[in-house]
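[1] Could you look at this predicted model? Sequence included:
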Amino acid sequence: MSTASFERGYNAFKEQIDAPIAAYFSSCVRCGTCAEACLFFTETGDPKYTPIYKLEPLRKVWEQEYTLFGKLKSLLGLSKKLTDNELAEWQELIYGSCSMCGRCSMVCPVGNDLVYMIRKAREGMAAAGHAPPGIVAGTQRAITTGSATGVGLPTLQAQIRRTEREMGIKIPVDVQGTEYMALISAMEILNYPEYIGALSKIMARVGKTWTLSSEGFEATNAGVQIGVSEIAKELVMRIVNAAEKLQVKTVISPECGHAYNAIRWDGPNLVGRPFTFKVKHILELLDEWREQGLLKTEGFEQARMTFHDPCQLVRRGGVIKQPRNLLKMVATNFVEMEDHGKMNWCCAAGGGMGAQEEAEELRLKAFNRKKTQLDALKVDTLVTACANCRDYLEEGLEVYEIDMPVVGLTEMIADHLSE
Amino acid sequence: MMTSGDFLFWVRGPAFQIATAIFAFGISWHLLEILSLGRKPDRSVPRGSRMLGGLRTIFSRSIADKSIFQSSAFTIVASYIFHLGFFIVLFLLVPHIMLFQALLGFGWAGLPTTLIDVITIITLLALLALLIHRLKNPVRRFLSTFEDYLAWTVTFLALLTGYLAYHHSIQPYSLVLGLHILSVEILMVVFPFTKLMHTFTFIIARWYIGANAGHRGIQL
Amino acid sequence: MSKHQTIAERLHSQGFSRRDFLKFCGMTATIMGLPPAIIPQIAKALEKTPRQSVIWLSFQECTGCTESLTRAHTPTIEGLIFDHISLDYHLTLQAAAGKAAELTRQQAMQDNKGNYLLIVDGSIPVGNPGYSTIAGRSNKDMLMEVAEGAKAILAVGSCAAFGGIPHAYPNPTGAVPVEELITDKPIINLPGCPPIPVAIAGVIAQIVTFGTLPELDSLKRPLSFYGQNIHDRCYRRPFYDKGLFAESFDDEGAKKGWCLYKLGCKGPVTYNACATTKWNAGVSFPIESGHGCLGCSEPNFWDAGSFYKALSVPTGDFAQTAGYALAAGAAVGVASGILNKMKKRDAIGNHETVTIDDLERK
């Protein structure tokens, strides 16, 4: 029976190292600027949370395996080999204090893509058996039940039935040849099924054919979070197979930024070939329809509101202006946080942070950054476009005793659709 | 006995040859070692141009974002002064230009030596400030390795001896000029094996991150 | 020639007035950098001093140093000094020849044992002694013999001081400077190709007047003449500071008298008095005449790279070195790259599929 081992992990590190990794490690000047971009550092002041330091195991493997000079150094006993204990120690840094928000990648003066490196380092950690139990469990659930939260098809079907009942509309499932196939994130099935309703309402109003698939509905990808490419591939393949089976033209990613990246950017690379269909984020589509005049709204929200950019959506996904265009359709009193768009601050729960019990204390401490941003604005409502962000924003606000509703942007648009 | 003249002759002659050889050898070795690792092609449908993104980021990353400038102002400003000063001194002092002319076959106009002198002092102060910051700032102290202090030392010495040489602070002049050239040679020898390589690799690093962003249609 | 005449007596007998004598003392004070108050003392000393016996040996040399001294215009200090020391032996200048000449030398050495000054110009071949001989004796032999009874030795010119041109690569005669052979006598180096006449005269004047040897730098050069840097004293220095350089010997910059650094001037590394005392009775010096300093008063100036290469430029062909090194580095980089590729391929080959059952240690 196979099992995780240090050797497998070490081998995985070796597989992952490529020219960008080598260029990044060669360029680091230890200026520490990345620390200032990381909310786990800024909210704790602990230097061990400096992003580049979290990559020390990967750096060691690169230096000792892929540079002649490093080989010479270890031959002369000038550098220490990577150990299993070290990896165990680094679990807290590579998973337990990194939401993969990629803010550090934005500020590195030499251009090191630190989150790209973290993603690769997780491959080695997972193969070595040093992924945190919470994320391991989530990954296992994703494969066995179809969703990381363990809510599978039966729950989705129940939510669909309930929505159909409440709204008096038919939600298409497994319909062949529609233009769009929508995906849902686990968090939406569990906590925000309103999204399904909002989507149905919008699709009906703009007059597009769409469907859900009972075989590929979960958009989030636990394989990407934990760092196991073959699991990530398996999860992407469920969507690819479903979309190809139903012969849809475009797959709609739900709001979740991580999900969007996993299917839009990582997907074809995991599968090893381009898709036969397009992948679009729901906000991308809504903004296109707005531009085309298909999406029309009426009435405005009066509350003073701001928008929390999901990190993966802006920095890694490139969906920045669309949510603003959409917000302006329905909000009169919209204000930006000081650091917004591609420089926004994370909710502290991405990248598997939310799935780790042992990281909860740090995560909530780091939420102070969001609280500080919100305090400065004095807003009544927080809008976002990611079910995961939304869930943990709500939790954070509750812990910090702030009474503020967190609203999904798609639902807000759906609420204002003109008749 | 080796006179200061012999010393100067040695650093200008054989020592410079050795330093040049190690410098050029180390750089091309390391750059090819990095690039030859290669990378997988990105199979996702592009939303923008890798090329434009890469090229843009090589330049755009030189400007710090407002939010990070606020929290790292000291590092950014001091580093800026140091880098600009260093390049002005390196490329715009006439005796240095003569060196590049001998290497490249063409030269360019230099700045008045007295102006270079002032810039050197400012650059040295910036380097000193960066060292103090490295020793005092918890993050930088925590991250720093022997290599960081080595790189600092060889850079500082190259500038300092240049300053002393200009002012004839050590007699005879051939000795101080020799020391300056020697310190630069040490810098050249250390260069390919330390973080000083970022002088070249930052372009590759920025290219990669920028190309990825460009592919995704994100302007970094 | 009476050996017991003092300098003052000698001057007087030659028709020089007391006024001329004091003028000479004043000039002596000036070149030694002494205040005018010292002049009476100099006069007093000179009035009492018997003429100094000097033996001048010429080895591998070109007579340029002697030329430099004797061509000086009269009345000059050099002239006065050389008229009024007792130059007992000088191959070029003496009337005696053959055995008579050698006898004079022997006589002077005997009469002034331990008290005569030895002046040497030219380097000494230590390879084959036959390269340079005088009266059938090797230069080295003669130097050793004469040096033994000398009060001090003046190595005049770069050949005697540092080996000079004979010593230049590949040094076929095995030429060495005086100080390499003589280690037990005070040696004063007066390098230059040729040296400034006033430097020789000044040092002799000091020895004659005060009986003391001048203060020397690490290369045994008198600080009074070699203590200053040509570059620091150069009238073109302001152009260096402003970054104004002649790019060729006939461009606008050259015509405007801009700095000659780019044309290879060695002024910055040369210590000599050229920029202040100048040559030919103060007419000019090489830089003023439009040519960079060659650094002739520095050791090995002939071998220290091209006269026309700027000081900051390495002497060798480093562009070629860089080219080869880049190619060699590339080869190593590519080789390392191939090893890396193989290693990575092996790693990918060794990859065991990670399933959800492999995520924990069992």
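    Nice, thanks for sending it over. These numbers come from a predicted model, not from an experiment.
[2] is chain B contacted by the helix ranked longest in chain A?
    In chain A, with assignment by DSSP state H, the single longest helix is helix A:229-246. No - no part of helix A:229-246 sits near chain B under the criterion Cβ under 8 Å from any Cβ of the partner chain; the closest distance found is 11.1 Å. Every C-beta, even on glycine, is put in place using the N, C-alpha and C of the backbone.
[3] continuing past that helix, what's the next helix or strand?
    Sequence-wise, the next helix or strand beyond helix A:229-246 is strand A:250-253, with elements assigned using DSSP states H and E.
[4] Could you export that following strand as CSV, CA atoms only?
    Presented in CSV, the C-alpha positions along strand A:250-253 are these (Å, rounded to 0.1, in the frame of the first residue of the first chain):
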residue,chain,number,x,y,z
THR,A,250,-19.2,28.3,-22.3
VAL,A,251,-18.8,27.2,-18.7
ILE,A,252,-19.6,29.8,-16.1
SER,A,253,-17.4,29.9,-13.1
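[5] Report all helices and strands that it contacts.
    Using 3 or more Cβ pairs under 8 Å, 6 or more residues apart in numbering or on different chains; DSSP states H and E as the contact test, the elements touching strand A:250-253 are strand A:180-182, strand A:278-281, helix A:282-291.
[6] Go through the ones you listed and name the closest to chain B.
    Distances from chain B to each of the helices and strands packed on strand A:250-253 were compared using Cβ to the nearest Cβ; the minimum, 7.2 Å, belongs to strand A:278-281.
[7] Neighbouring strands of that closest one in the sheet, and parallel or not?
    When pairing is defined by DSSP bridges, strand A:278-281 lines up against strand A:250-253 (parallel).
[8] quick one: the partner strand to chain centroid distance?
    On the basis of Cα atoms, centre = their mean, to the nearest Å, strand A:250-253 is displaced by 16 Å from the centre of the chain it belongs to.
[9] quick check: mean pLDDT across that strand?
    Looking at strand A:250-253 alone, the average pLDDT works out to 97.
[10] what are the ranges of the helices in the stretch 201-350 of chain C?
    Per DSSP state H, counting those that start in this stretch, the stretch 201-350 of chain C carries helices over the ranges C:223-226, C:230-233, C:237-242, C:252-255, C:274-277, C:318-350.
[11] The stretch 251-400 of chain A too?
    The residue ranges that make up the helices of the stretch 251-400 of chain A, judged by DSSP H, counting those that start in this stretch, are A:257-261, A:267-271, A:282-291, A:311, A:321-330, A:360-366, A:368-377, A:387-399.
[12] Which of those helices sits closest to C:Ile38?
    With Cβ to Cβ as the criterion, C:Ile38 lies closest to helix A:368-377 of the helices of the stretch 251-400 of chain A, at 80.8 Å.
[13] Which elements pack onto that closest one?
    For helix A:368-377, the elements it packs on are strand A:305-308, helix A:387-399, judged by 3+ Cβ pairs under 8 Å, 6+ apart.
[14] Redo these as JSON lines? Include mean pLDDT and distance to C:Phe301.
    Below are the helices and strands packed on helix A:368-377 laid out as JSON lines (pLDDT from 0 to 100; distance: least, Cβ to Cβ, whole Å):
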{"stretch": "strand A:305-308", "mean pLDDT": "96", "distance to C:Phe301": "74"}
{"stretch": "helix A:387-399", "mean pLDDT": "95", "distance to C:Phe301": "76"}
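[15] Pick the most buried one from those.
    Highest mean neighbour count among the helices and strands packed on helix A:368-377 (mean count of other Cβ atoms under 10 Å in any protein chain shown): strand A:305-308, with a mean of 24.
[16] and among the helices and strands packed on strand A:250-253, the most buried is which?
    Scoring the helices and strands packed on strand A:250-253 by mean neighbour count under mean count of other Cβ under 10 Å gives strand A:180-182 as the most buried, with a mean of 25.
[17] ok, then the element right after that strand?
    helix A:186-190.
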